[in-house]
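Participant: here is a sequence together with a model predicted from it:
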Amino acid sequence: QKEVEQNSGPLSVPEGAIASLNCTYSDRGSQSFFWYRQYSGKSPELIMFIYSNGDKEDGRFTAQLNKASQYVSLLIRDSQPSDSATYLCAVNVGGSTLGRLYFGRGTQLTVWP
Amino acid sequence: EAGVAQSPRYKIIEKRQSVAFWCNPISGHATLYWYQQILGQGPKLLIQFQNNGVVDDSQLPKDRFSAERLKGVDSTLKIQPAKLEDSAVYLCASSPTLRAGSNTGELFFGEGSRLTVL
């Protein structure tokens, strides 16, 4: 969907490396941003959300938001083979409080041992 | 806590046939969504319900797709007649009623219903 763009990948990194996933969005009114992980054949599951400019860390994951540049990213430190999945960026378009999420097409990440 | 239930998990039909998918959200979740995920793409929002009212159906192909959420709980999504390009996974998700600052806006997804149209 044109509202949310992700680098399509695939992205391949060795175990222990940092994986960097990027996302841009078109609606300046968007206020909340989410990263979902989707294993092959499974449903998306939330791993991070961010509302404010700057960085937000949760374990090995760091989400970064720059509203001026309409850019959000996800860093995965010390990548593990179990992190191999498709990562979906989702944006609450229009600043709605009703959780109307629009997703990017996802970036496929492979972490090799 | 039981998750979002969907059925059937798999369905194979021929083009021009009809199909219906059922979803039971997490108990107490007021908001229900249907997403379509075509292979290799991200989920595309088809319709969003708040209780039994439609909030957003702007991307629902209304000439062939319909959805309802009677009594604000279960929901069904119907496709009639199906086209080849409708082959996809249909994901149902639910979330609690959002209030500013009160929760994350997280969507809880079901396992999905995989549709193949031949």
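Facilitator: Perfect, thanks for sending it.

Participant: what residues does chain B put near chain A?
Facilitator: Residues of chain B lying close to chain A (Cβ under 8 Å from any Cβ of the partner chain) are B:31, B:33, B:35, B:40-45, B:48, B:50, B:55-56, B:91, B:95, B:98-100, B:104-107, B:109-112. For glycine as for every other residue, the C-beta is placed from the backbone atoms N, C-alpha and C.

Participant: was I right about B:I26 contacting B:G3?
Facilitator: Yes: B:I26 lies in contact with B:G3 (Cβ atoms under 8 Å); the separation is 6.5 Å.

Participant: give me the common contacts of the two.
Facilitator: Residues touching both B:I26 and B:G3 (Cβ atoms under 8 Å, 6 or more residues apart in numbering or on different chains): B:F108.

Participant: who has more neighbours, the two?
Facilitator: Comparing B:I26 with B:G3 by other Cβ atoms under 10 Å in any protein chain shown, the one with more neighbours is B:I26, at 17 against 14.

Participant: three-state assignment of the more buried one?
Facilitator: At B:I26, secondary structure determined by DSSP: H, G, I helix; E, B strand; the rest coil is coil.

Participant: check B:K71 too.
Facilitator: Using three-state DSSP, the structure places B:K71 in helix.

Participant: distance from the least confident helix or strand in chain A by mean pLDDT to the middle of the chain?
Facilitator: Ranked by mean pLDDT, DSSP states H and E, the helix or strand of chain A with the weakest confidence is strand A:101-103, at a mean of 87. Centre-to-centre, strand A:101-103 and its host chain are 11 Å apart (Cα atoms, centre = their mean, to the nearest Å).

Participant: gap between the helix or strand harbouring B:K78 and the chain center?
Facilitator: Per DSSP states H and E, B:K78 falls inside strand B:75-79. Relative to the mean C-alpha coordinate of its chain, strand B:75-79 is positioned 7 Å out (Cα atoms, centre = their mean).
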